[in-house]
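S.K.: the following block contains a protein sequence and its predicted model.
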Amino acid sequence: MRQLGTVAFYFFWIAAATGIIIYIFFETSVNGAYRSVEYMSNDQWYFAGVMRSLHRYSSDGMVLMMALHLIREWSFDRYRGVRWYAWFTGVPVIWLLYASGLSGYWLVWDELAQYVALGSMEWFDALGIFGEPVANNFLSQGSMTDRFFTLLVFIHIFVPLFLLFAMWIHVIRVSQPKINPPRGVAIGLSAMLVVLSLIKPAISHGPADLSMISQELNLDWFFMLFYPVFDAWGGLALWALAIGGSLFLAVLPWLPPVKLPAAPVVALDHCNGCGRCYADCPYGAITMMPRTDGLPYSQQAEVNAANCTRCGICVGACPVASPFRSVEELVTGIDLPHLDIKRMRTLVDEAMAKAPGGVVVVGCEHGPKVQDLTLQGAAAVRLPCVSMLPPSFIDYMVDQGAGGVMIAGCPECGCRFRYGVAWMQDRLDGRRDPYLRKRVPRERVRTFWASHIEAEELQAAAVSFQDDLKALNTEEAKDV
Amino acid sequence: MFSLFNISPDNMLWFYLAPVLFFGPVFFAVLWNFGLKNIFYTPPEYKEQRRLEREHADRITKRRESKAGYYARAEHLATASSKHWVAQAVFYAAFASILGLYSAWPGYRYSEPDTAQIKLSLSHPGKRVEECHTRTREELAKLAPNMRAKLECARERWPITIELTLDGRVVFAGEAAAAGLHNDGSSSFYEKFRVPVGAHTLMVRMNDAGPISDFTHKLSQAVELTGAQNLVVGFNEDGSGFFVK
């Protein structure tokens, strides 16, 4: 479920590649279109037929993935605030995907194509903006020309290109966007589509005949859900539904608008322009600018509040953010005004005071509810994102006598702030700056990635950690 | 000029290749500057950064292998079991079933076997609201030479009214205004009616001449409709008037 967007992208590439292959076999003429598609499905079933089925099912899969992706992002409240842009630009993607798919169905020129073509044109005619009804192009057998099919092919090539462009716009403001599924998922999906294409190949209806109307149709419900609605309610009602629904979706990020605290501020006196906050920000809210204060560094960080989610990952990335610093006023290079590093150290100190020698559980606002943890010898610290915690704080806690530190964040790949879990794991594993120092015994650090409803699992993991720490303490006592 | 480069439909290779050779680089240059270079061109400093990251990751992996248990234990690192593979197979099978099923099921009945369709589809300009006036010599002389059209016509046209009856029963009666901001275009109708199959007497009448009591065009015809037939009632502008096919 975390790969819905990337799978949609992957299906697009499959549809594009198979579309190019199908085009080699396709004949762009009134009489040749149906004949050539039948040739693919019957005579060339083992190659062109499979390609046609892959083309069909990958397109259907894209609609399904898009719908699930939309529902998931909505249900997890990942569409407001700085995420409005991706949500908003996703609305034209829906229209373009439907236009791409439906224009492809026309090309088969079977009964279904006739139904879709006439339905689409009659829907446009309902607007009353054309001098003559465009549906007249499909009046009778003689009213279609071969060149019309050339036009259809162009539409079916260029609309998907516009779709790709819209998908690019959709992810353009996302820092390090993931548009490819993991290799295993890609292989699994490809195999699944091939097997499905062999078991249930895409087939056509009877050839289109404008002197007849269709009786029974096997609609592709992924794309043609709205045609029976059009038949039942009429064109204007469907326009109202389509435009009203699109507008509603488009303005949803502001219903109601999200309220955020103040954006992070850069303290130039403490910023050496290392660029780690820039590299770690999941939303591209930080840019590196030429130095303005005369200090001997080439760059300085600058925050674009409009792109910032206030996750604090930049604070965790700052190498200056150390609780060991012996400055009178504890400050760091970049900090959240409402939860600065000084306040963070106070929270950590309070937690350690609550459970002396026990486990400090550092959680996030969207993962397991660490504040509800009721366990003797354990105390919780809650931050916007676990990655806001600089690794030096773990060092500090263990150094100051905490028995162990447990990092409890969102499920992997399901991080509210995209890379919070990944960056924290990388910092602990020494793959990403700033690292957790070697001197910190790793047996005293544990991670737990889960959703906010997994309270029992969190409790169990904390108990298990406490047991392991007890055993460790006993072993260490023996060694001494 | 085309013959200079031997470009003609007779020389098919050149006919298709020449525009590609000429416009291709221009098109590519535009796309490249538009953003393609950001996709395909990796700056040297980025390459260097990637190289350093790879080296660092390799060092970490080696160190990890030599010091098992040194790094933080992650609860999530579970090994794939047979259960995992079964769950994967079930998931992909369910996904494929949904795709295969709803791409062509359930069937949708668009029309019943014992019904046919009559489609009234026509575009026809109504008569002008004001008759054209033939300009006199004097009037023509007053105009600029390039404006001396013999007829002076107002633009507005009457709306068209149409009535379609089947076996004496009115199936459709409507009026359509002339298209355009000045109502100077054609009036259009596009209507569909489901009717029972069998023999019928179809009559269609049209008035395109404004406020007069009678219809200006008529057609009455016996038709034999079969199941799922789509009978088109249209209008020919060549003077033959209404047609049914």
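M.R.: Happy to help now that I have it.

S.K.: so stretch A:418-438, near chain B or not?
M.R.: Yes: Stretch A:418-438 reaches chain B (Cβ under 8 Å from any Cβ of the partner chain) through A:Gln425, A:Leu428, A:Asp429, A:Gly430, A:Arg431, A:Leu436. For every residue, glycine as well, the C-beta is placed using N, CA and C.

S.K.: just those residues now: which is nearest A:Gly333?
M.R.: A:Gly333 has its nearest neighbour among those in A:Leu436, at 18.9 Å by Cβ to Cβ.

S.K.: so which bits of stretch A:30-37 are buried?
M.R.: Using 16 or more other Cβ atoms under 10 Å in any protein chain shown as the test for burial, stretch A:30-37 gives A:Val30, A:Ala33, A:Tyr34, A:Ser36, A:Val37.

S.K.: hmm, A:Phe25 and the fourth one touching each other?
M.R.: Yes: with contact defined as Cβ atoms under 8 Å, A:Ser36 and A:Phe25 form a contacting pair (5.8 Å).

S.K.: returning to what we had before: just name the closest of the buried residues of stretch A:30-37 to chain B, please.
M.R.: Of all these, chain B sits closest to A:Val37, with 15.2 Å by Cβ to the nearest Cβ.

S.K.: report the contact partners of A:Phe226.
M.R.: By Cβ atoms under 8 Å, 6 or more residues apart in numbering or on different chains, the residues touching A:Phe226 are A:Leu238, A:Leu241, A:Ala242.

S.K.: chain neighbours aside, what residue packs nearest to A:Thr287?
M.R.: Nearest residue to A:Thr287 in three dimensions, chain neighbours excluded: A:Glu302, at 5.3 Å (Cβ to Cβ, 6 or more residues apart in numbering or on different chains).

S.K.: what is the burial count for residue 111?
M.R.: Chain wasn't specified; assuming chain A. Burial measure for A:Glu111: 23 neighbouring residues, criterion other Cβ atoms under 10 Å in any protein chain shown.

S.K.: should've been chain B
M.R.: Look at B:Ser111: counted by other Cβ under 10 Å, it has 19 neighbours.

S.K.: also A:Asp280?
M.R.: Neighbours around A:Asp280, by other Cβ under 10 Å: 27.

S.K.: the residue nearest to it when sequence neighbours are not counted: neighbouring residues, count only.
M.R.: Nearest residue to A:Asp280, sequence neighbours excluded (Cβ to Cβ, 6+ apart): A:Ala317, at 4.1 Å. Neighbour count for A:Ala317, taken as other Cβ under 10 Å: 28.

S.K.: thinking again about what came up before, rebuild the contacts of A:Phe226 as a markdown table, extending it with neighbour count.
M.R.: Conversion of the contacts of A:Phe226 to a markdown table gives the following (neighbours: other Cβ atoms under 10 Å in any protein chain shown):
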| residue | neighbour count |
| --- | --- |
| A:Leu238 | 19 |
| A:Leu241 | 14 |
| A:Ala242 | 17 |
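
S.K.: those in helices, which ones?
M.R.: A:Leu238, A:Leu241, A:Ala242 (DSSP state H).

S.K.: tabulate those (a markdown table), appending pLDDT and distance to A:His156.
M.R.: Converted to a markdown table, these look like this (pLDDT from 0 to 100; distance: Cβ to Cβ, whole Å):
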| residue | pLDDT | distance to A:His156 |
| --- | --- | --- |
| A:Leu238 | 96 | 22 |
| A:Leu241 | 96 | 25 |
| A:Ala242 | 96 | 21 |
